[in-house]
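>>> Task: produce atomic coordinates for the following.
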Amino acid sequence: MSPTTLYDPEIITSTPTVGKFERRARPLIRPRKPFDSSKLMAALLVVPSMLVIFVLMAVFAELALALVGLGDDEYIKADPILGITHLENKWVDFRHEGFSRAKISSAGLRDVEHQVAKPAGVKRIAFIGDSKTQALQVSIEDTFARLVEDNLNGSSARRVSAGVHAETDSRRFETINFGMSNYGLVQYFVQFLFRVRQYSPDVTVVVYHIFDSSENLPKFGTLTMPAPTLSLNNRDELALDFTFLDGWLNTESGRYMIASQWLRRNCHLFQALSADDFMLRNSSKWYTNISGGLFAPFSNLYDDVMRTVSLTKFGDYQSTRNSLSDETRDLDKQVSHENIWNWTVKARRGGAGSAGAFADQGDSYKLLHDAAKSDVNLAGRVLRMLNLACKKAGSKLVIVTLPAPNNMVFYFREIECLKKLGEKEGITIIDANAEFPSLAPMQPSPLYYRSHFSPSGHQKLADIVTEGLKPILE
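Residues are numbered from 1 along each chain as shown. Below is the predicted model:
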């Protein structure tokens, strides 16, 4: 090959003809790029950067919710004696029916602060009841418990702005609100023994409502809040029963309430998300299905974590339970077990057709009657024990019967039974039901929001209770 051929531009720039085997054997040589550590560092910083951003967003959301007063929905904590109680020193916003924003007292009461020792020269009135006494639907100063105190002392003695009763207060009467949502008659009784009597009330008022008498015995398999109940043995001996309460405390719901207490007390964001989650789970099947699918992979881990939640944080509550149980048995031995329900209903039985259908209704009515009879007779027994406990503590027992829709036949019979019990046992009965206008179920009234009292309803109830208490206090 001549030199000119070697340097011919066409020969140099053209692709030579190479066989396929020769083409495969030729190695492909690429230059190695220098290692770029900056890209590795950037990749490593992505995760912590995202975490920092997420934390900053959460902090911002928490501050924003606290600033505008949102995310204070939680107010309940688990309790091994009463089932549930209030979260102490907790601000609570309530918007489900009416509206209120108030702080639970340091003693766990939805009320102003009260010292345990009774001030000299002051007569104390303790109110025990359920959600109608707790009255989350209105401000604390508009609850009937506060209004009764104002009525007795005169409006000039009101010191709501201070939010506390000072020893130098010129009041002659002091009311304390022990009301709590979902409480029933057994909890009223246990609450007096466990908490109320240490405040030395001169008068103890049980604010009695429909269904209070039906919550005395455990109802396993029903969606009810945890509570102490009663049990009867074959010798007709009454005892406190914490089986149902213990069963709930060891469920996923119970352990979750215990484990999340700090977050439900202090974190506005957690409370807001929990409230939204609860609302959506009860209103949106789409949300329930999606959230259930997302949570499914972590369900076993969640169950394992919940099983590690210990009840030891409650301290030695078993000794308190034993003491309350012993006192209950002792009180039961000292009171009458006489039935207070004397109304009887006979089952109606007939043939086929319309008469047979009517007979079935009659039998169903008798079953309801028999259940009410059993509940009310047991309630009378509990109220006798409570009355005896009040007497031993130097307190006068008063029962206020709240109004109910005009189709609650058994409840009206129950009020009649309580009045007869009051005559025999020296218990004052203030029948607020008779003083309220009769209403059909779901009938609108300015005295109610839906099922709870409006400020007007609280004022009316306070006036009725005040007049009923005056003869006792004077």
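
>>> how about the residue nearest in space to the middle of the chain, what does it touch?
Computing the C-alpha centroid of the chain and ranking residues by Cα atoms, centre = their mean puts Ile76 first, at 5.0 Å. Shown in contact with Ile76 (Cβ atoms under 8 Å, 6 or more residues apart in numbering): Ile84, Thr85, His86, Leu87, Ser181, Met257. C-beta: built from backbone N, CA, C; applies to glycine.

>>> wait, the last one sits on Tyr75?
When you say that, I think you mean Met257. No. Assessed by Cβ atoms under 8 Å, Met257 is found out of contact with Tyr75, at 11.9 Å.

>>> Need the contacts of Ile76 in JSON lines (columns: pLDDT, secondary structure and distance to Arg195).
As requested, those are arranged in JSON lines below (pLDDT from 0 to 100; DSSP: H, G, I helix; E, B strand; the rest coil; distance: Cβ to Cβ, whole Å):
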{"residue": "Ile84", "pLDDT": "95", "secondary structure": "strand", "distance to Arg195": "13"}
{"residue": "Thr85", "pLDDT": "97", "secondary structure": "strand", "distance to Arg195": "9"}
{"residue": "His86", "pLDDT": "97", "secondary structure": "strand", "distance to Arg195": "12"}
{"residue": "Leu87", "pLDDT": "96", "secondary structure": "coil", "distance to Arg195": "16"}
{"residue": "Ser181", "pLDDT": "94", "secondary structure": "coil", "distance to Arg195": "16"}
{"residue": "Met257", "pLDDT": "91", "secondary structure": "helix", "distance to Arg195": "20"}
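
>>> now the helices for the stretch 151-300 of the chain?
185-194, 243-249, 252-259, 261-266, 268-281, 285-295, 299-307 (DSSP state H, counting those that start in this stretch).

>>> So Leu447 sits against Asp463, correct?
No. Contact criterion Cβ under 8 Å: Leu447 and Asp463 do not qualify, at 12.0 Å.

>>> Strands along the stretch 1-150 of the chain, start to end?
With DSSP state E, counting those that start in this stretch as the criterion, the stretch 1-150 of the chain has strands at 76-79, 83-86, 91-94, 100-103, 123-128.

>>> closest one to Asp276 among those?
Closest approach to Asp276 among the strands of the stretch 1-150 of the chain (Cβ to Cβ): strand 91-94, 13.9 Å.

>>> Tell me the helices and strands packed up against the closest one.
strand 100-103 (3 or more Cβ pairs under 8 Å, 6 or more residues apart in numbering; DSSP states H and E).

>>> Correct me if wrong: Ala239 contacts Pro228.
No. Taking contacts as Cβ under 8 Å, Ala239 lies outside contact range of Pro228: 10.5 Å.

>>> Just want to know which of these two has more residues nearby.
Pro228 (29 against 14; other Cβ atoms under 10 Å).

>>> For the more buried one, give me its contacts.
Contact analysis of Pro228 by Cβ under 8 Å, 6+ apart lists Ile81, Leu82, Gly83, Val186, Gln187, Val190, Leu240, Asp241, Phe242, Phe244, Leu245.

>>> What count of nearby residues applies to the second one?
Right, the one you point to is Leu82. Counted with other Cβ under 10 Å, residues neighbouring Leu82 total 19.

>>> Excluding covalently adjacent residues, which one is nearest to it?
The shortest distance from Leu82 to any non-neighbouring residue, by Cβ to Cβ, 6 or more residues apart in numbering, is to Gln187 (5.7 Å).

>>> Distance of the closest residue to Phe314 other than its chain neighbours relative to Glu252?
Distances taken as Cβ to Cβ, 6+ apart place Pro80 nearest to Phe314, at 4.8 Å, with adjacent residues excluded. Per Cβ to Cβ, to the nearest Å, Pro80 is found 17 Å from Glu252.

>>> And those two? Which one has more around it.
Comparing Pro80 with Glu252 by other Cβ under 10 Å, the one with more neighbours is Pro80, at 19 against 12.

>>> correct me, but the more buried one touches Leu249?
Yes. Using Cβ under 8 Å, Pro80 is in contact with Leu249, at 6.8 Å.
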